[in-house]
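Asks: Need a 3D model of the following:
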Amino acid sequence: RICVITLAEAHPLLQNGKTITSINYQISANCSRLQNKVSGKSKRGAQFLTELAPLCRISSSDGEEYTIYSCIRGRLIEVNENILSNPAILQEKPSTEGYIAVVLPKFEESKSITQGLLTRKEYEEVLLKRLNSSS
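Replies: Sure thing, here's the model as predicted:
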């Protein structure tokens, strides 16, 4: 029922040999995802995220900055602080150690969220269409 937020294989940061220079969980002057303190079974204190809530900003060596969004509604359970000191693991192991955050959707919403996700095959078809339309 938990959702692990990672970079998609097709994300520009994982293409074109870019180097990540920094990751920042400070979203605004008053909001840092690093200040998220969760306790207890009911996950008290967790920041609530909407689909459009920014999780972090990632800067690359070519000057580009990417804002990574939650994409789902739920409570922010954990952010991966390991990527702050070792940003390369975001690119080397994006679907395991290089995750960005863990989000817990509301129980009632978790089924509709998972039903709305693409299968691996559907995702690859979307990428193929995107590739064909840009060339």
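Asks: Show me the strands in the protein, by range?
Replies: Secondary structure of the chain (DSSP state E): strands at 3-5, 20-24, 26-28, 31-32, 48-49, 54-60, 65-69, 74-79, 101-104.
Asks: Adding mean neighbour count and distance to V126, write those strands out as JSON lines.
Replies: C-beta coordinates here come from the backbone N, C-alpha and C atoms, glycine included. Shown next, in JSON lines, are the strands of the chain (neighbours: other CB atoms under 10 Å; distance: least, CB to CB, whole Å):
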{"stretch": "strand 3-5", "mean neighbour count": "18", "distance to V126": "18"}
{"stretch": "strand 20-24", "mean neighbour count": "17", "distance to V126": "25"}
{"stretch": "strand 26-28", "mean neighbour count": "12", "distance to V126": "28"}
{"stretch": "strand 31-32", "mean neighbour count": "14", "distance to V126": "31"}
{"stretch": "strand 48-49", "mean neighbour count": "18", "distance to V126": "24"}
{"stretch": "strand 54-60", "mean neighbour count": "19", "distance to V126": "22"}
{"stretch": "strand 65-69", "mean neighbour count": "14", "distance to V126": "17"}
{"stretch": "strand 74-79", "mean neighbour count": "21", "distance to V126": "23"}
{"stretch": "strand 101-104", "mean neighbour count": "20", "distance to V126": "22"}
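Asks: So which of these is nearest L117?
Replies: Smallest distance to L117 across the strands of the chain (CB to CB): 9.4 Å, for strand 3-5.
Asks: mean confidence for that closest one?
Replies: Regarding strand 3-5, the rounded mean pLDDT is 90.
Asks: To S95, which of the strands of the chain lies closest?
Replies: Short answer: strand 3-5, nearest of the strands of the chain by CB to CB, at 8.3 Å.
Asks: E122 is nearest to which of the strands of the chain?
Replies: Here strand 3-5 is closest among those (CB to CB), at 17.7 Å.
Asks: orientation of the helix or strand of the chain with the lowest mean pLDDT relative to strand 74-79 in degrees?
Replies: Lowest mean confidence among the helices and strands of the chain (mean pLDDT, DSSP states H and E): helix 107-115, at a mean of 77. For helix 107-115 against strand 74-79, the angle by axes from the mean of the first three to the mean of the last three CA atoms, to 10 degrees is 80 degrees.
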